[in-house]
Structure formats: C-alpha cells, structure tokens
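Attaching a predicted model along with its sequence, questions to come.
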Amino acid sequence: MLAVFTEKRVPIWPDVPTLAELGYGIVSTSPYGIGAPAGTPPEIVKILHDAFRKGLEDPIHLKALEKFNQPLWYKSSEEYAQWAREQFERERRLIERLDSRRRSERAMSEKRIGIVMHGVTGRMGTNQHLVRSILAIRAQGGVALADGTRLVPDPLLVGRDAGKLQALAREHGIERWTTDLDRALESRDDAVFFDAASTQLRPKVLARAIAARKHVYCEKPVATTLADALALVRAARKARTKHGVVQDKLWLPGLVKLAKLRAEGFFGRILSVRGEFGYWVFEGDSARGQPSAQRPGTAARRRAVASSSTCSATGATSSTTCSGK
C-alpha cells in the first residue's frame, strides 16, 4: 500500500504514510454526524450531544470501529457545525471547477452549425424537419464526426407569421426566429439554408440562398418544371455550395424491395407504373384535443403493371402491388 487518505496514519498500517505527509494535501474520509432541526432549543441540543458522545466513547462502539479500521473522530456541536460549513464551501468550489472544465472541454469538442429553416411552421415542417430531425439531433448532443468533434445544429426559424414563429420557438426552446428572410440570408453565422415553404416560390427562394453562398437543402419537389430544377442545380454547382433535396421515400422498405426486384428482372418488361400517396391526417395528440391518429386506408400504395408476374411488397408506410398478364 502506497498511502492512506485519512488525516493521521492508520494503526493497522503504521508504516503507510498519509497523502498529506507525501505532500499532496489531500484528506478524504467519510465522517458521519447527528443533526437536529433548525431552532432546536440549546438545552435539547446539549442533551442529545451528551447522550451520543457517551455512546460514541462506549467500549463496545470503540471495538467495532477498530474492527472496521475506522478512527474515532469527535467534534463538539460548535466544531462540527463549523467543519460542515467549511467542507460545504470546499466541495462547492471543487464542483464549480469541475463543471467549468467540463463546459470548456465540451465547448472545445463541439462545433455549431447555423441552419436557416424557412417555412417550418406547418405540420410537416414542424414535425418531420424541425422536431424529429434538427431538434432530435441537437437533443442527443449533435452528430459525431470522425475526429471526435460533435456537430450541433442551431436553427434560425424564418417565416411570414411572427405569431406562429414565436409560439413554435417558445414551445421547443429555440432562441432565434425572424420574419426577415433577407437578413437571415445575409447572416454569416448560418451556413445552411433549408426550405419547406411554398413549392411554387421555392425556385426563387433557393436561388437567393445560393446567391448568398448558403448550402441548400429543401423539400421535394425542387421546382415544378425541369428547366427551373436544372437551373438551380447548375447555380449551386457554379457557387460550389453543397445542395440536396428530401427523398426519404426512396429508402422505405417496400420501395427498396421493389427496386431490388426490378433490378433482378422479377417483373419482366414493365409497361406502366401508377403511384398513390397518402399522409397521416393528424397525429392523435390528446393534449391538443386531437382524436386517435388516422390516415387514409390506402396509405402509400404503388401499382405497377408488368408483363407476366404478380407480387406484393409492404413497407413501413407504403404498400406495393404489381400485376401482369
């Protein structure tokens, strides 16, 4: 044994020095005491003190302490109160230093990424893109990068209705929101622009974001015409900004299975395809007075007519039916 943490050497190991003797200035024990409610009359405190001290010095108790290698540690009422105050202050300073170091280390290991989120006050924008994506990532401490840094999103909500933006920000603990899109695009603190607002207005809004050198990501469709969509892609490439569009349905289990079967030639020669899609009508949030969650019975069905096969594949929110003659 190299050292003990007690104030004095322990009788059972008389040759083992304390940490304090070795110059570390550390004493760490687990003392226990008896307390009474504040305002207890002094005469009652004295009666309790005398009774417990008698028990403390009882030979049976001293033998038990010796058996478990616990030195006797007596303090009067005044001495124990003073010790408790000093100990509390020492531990408070220690916790503050540890917390300060933890915050400093966390700040060094985190990298903030500002995201302008345009048009997320609607049901899909709020639930799918804000709450279940950006805020969920932030709640779990960000995205871990290869070098150990965690990328933490910091959303800036942008829209036309100040009341809705303020309510949404307050509900989810978001500090930043504005109705000034131009000012949001000018901000150097936000590198990414996301759009889930009007499909008809999307090409112009995205073009402004690209011109402001923002990395852009948006809901589908990118535009209502192929020409507008291609113009946006070319503009983003010219500006050397990263760009993407929400295409989550491509990775639904049913559609993945459908693509695999098609690649394997399972359907033969496909003549035509018809796709149908349905949304959840409401979430079933009883706190908001909503009834049980519902969605159209057809959900997200896709049908393909093939040359000579019949098959079915079902995914999490979609089902596929293929038929042929």
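Happy to help now that I have it. Not measured: the values here are computed from a predicted model.

Quick check: Lys242 touching His215?
Yes. Taking contact to mean Cβ atoms under 8 Å, the distance of 4.2 Å between Lys242 and His215 places them in contact. C-beta here means a position set from N, CA and C on the backbone, and glycine is covered the same way.

Going along the chain, name the helices of the stretch 201-325 of the chain.
For the stretch 201-325 of the chain, the helices defined by DSSP state H, counting those that start in this stretch occupy 202-211, 226-239, 253-263.

Confidence-wise, which of those is weakest overall?
Averaged per stretch, pLDDT over the helices of the stretch 201-325 of the chain is lowest on helix 253-263, reaching a mean of 89.

separation between the residue nearest the centre of the chain and Ser133?
With distances taken as Cα atoms, centre = their mean, the chain has Ala139 as the residue nearest its mean C-alpha position (1.3 Å). According to Cβ to Cβ, to the nearest Å, Ala139 stands 11 Å off from Ser133.

which residues touch Pro71?
With contact taken as Cβ atoms under 8 Å, 6 or more residues apart in numbering, Pro71 is in contact with Thr6, Lys8, Val10, Pro11, Leu65.

circling back to that earlier point, look at Lys242 and His215 and report which has more neighbours.
Comparing Lys242 with His215 by neighbour count (other Cβ atoms under 10 Å), the higher total belongs to His215, at 20 against 11.

wait, that one sits on Val192?
Yes. In this structure, His215 sits in contact with Val192. The criterion is Cβ under 8 Å, and the distance is 4.9 Å.

mind checking the longest helix of this structure?
Ranked by residue count, the top helix of the chain under DSSP state H comes out as helix 77-109.

gap between that helix and the chain center?
Using Cα atoms, centre = their mean, to the nearest Å, the distance from the centre of helix 77-109 to the centre of the chain it belongs to is 28 Å.

Just the buried residues of that helix, please?
Ser77, Tyr80 (16 or more other Cβ atoms under 10 Å).

That one - contacts with which helices or strands?
In this structure, helix 77-109 packs against helix 42-56, with contacts taken as 3 or more Cβ pairs under 8 Å, 6 or more residues apart in numbering; DSSP states H and E.

could you give the mean pLDDT of the longest helix of the chain?
Per-residue confidence for helix 77-109 averages out to 82 on the pLDDT scale.

Off-centre distance for the helix or strand following it?
Helices and strands here follow DSSP states H and E; after helix 77-109, the next one along the chain is strand 110-118. Between the mean C-alpha point of strand 110-118 and the mean C-alpha point of its chain there is a distance of 14 Å (Cα atoms, centre = their mean).
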